[in-house]
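Trainee: Sequence first, then the predicted structure:
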Amino acid sequence: MGTVTAMAENRKTENTRSRPRPKAPAKTTWTEAGLRAAALYYMGRYASTEANLRKVLQNKIRRRLGPEADPEERSRLNAVAAKIAADLVNQGVVDDTSYAGARARRLHGEGRSLRHISRDLTSKGVAVDAVTGALAELEDEHGEAPQRVDFAAAVVFARRRRLGPFRRADKATDDKDYRRAMGAFARAGFSMEIARQILKSQSEDDLDAFGEAL
């Protein structure tokens, strides 16, 4: 009896293994209304450019359709995403110029150089004229030449990195530390002149004197 039961269980297991697994249900495509709702939800949480919003929507489309999606359907939805982004620009929901100005001011306040800010805005899809306008606006707000704007950001950068007059009083520095600090300023987009002046300054008064001389 035990043998018969065991054989029956084995056949049941084999039959179960041989059955093809049911296919996963096809992923539902996006409707234009769904994509528009997704765009408005994203804009409610983040500032964005037209190009960046278009990219966000296209990424949602790619994830929803999966790697085996019909190319024509993907292309159709990408066109819908572009149309939605353009519509939101016309409605004033998306404003590349305002976005560029606000982001430029925030990055400068964090100690970012003009060169870094320009690269950042470009990577976000901001048009060249909007990037130029944002940088000019930043200079106008400070009433300063570009090198003074960069110097102000470099001081913030040095303070955050504890470089130059902001280094710890008990920390000795050598040539290796100096080269490392110069490299940090260079990677951040600051000029060699600004970096050298900050690193040789012994106090914030020294920084003020150099800034006024620019």
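Mentor: Thanks, I have it.

Trainee: Leu135: what secondary structure?
Mentor: helix (DSSP: H, G, I helix; E, B strand; the rest coil).

Trainee: Could you measure from the residue nearest the centre of the chain over to Leu163?
Mentor: Closest residue to the average C-alpha location of the chain: Lys124 at 6.8 Å, with Cα atoms, centre = their mean. Applying Cβ to Cβ, to the nearest Å, the value for Lys124 to Leu163 is 28 Å. Every residue, glycine included, has its C-beta placed from N, CA and C.

Trainee: where does this structure have low pLDDT?
Mentor: Low-confidence segments of the chain, defined by pLDDT under 70: 1-28, 143, 170-172.

Trainee: and the residue nearest to the centre of the chain, how far is that from Asp177?
Mentor: Taking Cβ to Cβ, one finds Lys124 at 34 Å from Asp177.

Trainee: residue contacts, Leu135?
Mentor: Applying Cβ atoms under 8 Å, 6 or more residues apart in numbering, we find Leu135 in contact with 104, 114, 117-118, 146.

Trainee: Give me the buried entries from those.
Mentor: Among these, the ones that count as buried by 16 or more other Cβ atoms under 10 Å are 104, 114, 117-118, 146.

Trainee: which one's the longest helix in this protein?
Mentor: For the chain, the helix that runs over the most residues, judged by DSSP state H, is helix 71-90.

Trainee: Quick check: next helix or strand after that one?
Mentor: Later in the chain than helix 71-90, the nearest helix or strand by DSSP states H and E is helix 96-109.

Trainee: and that following helix, C-alpha only, in CSV?
Mentor: What follows is helix 96-109, C-alpha atoms only, in CSV (Å, rounded to 0.1, in the frame of the first residue of the first chain):
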residue,chain,number,x,y,z
ASP,A,96,13.1,76.3,-17.9
THR,A,97,14.2,79.8,-17.3
SER,A,98,12.8,80.0,-13.8
TYR,A,99,14.2,76.5,-13.1
ALA,A,100,17.7,77.5,-14.2
GLY,A,101,17.7,80.6,-12.2
ALA,A,102,16.6,78.9,-9.0
ARG,A,103,18.9,76.0,-9.3
ALA,A,104,21.9,78.3,-10.1
ARG,A,105,21.3,80.3,-7.0
ARG,A,106,21.0,77.2,-4.8
LEU,A,107,24.1,75.6,-6.2
HIS,A,108,26.1,78.8,-5.8
GLY,A,109,25.0,79.0,-2.2
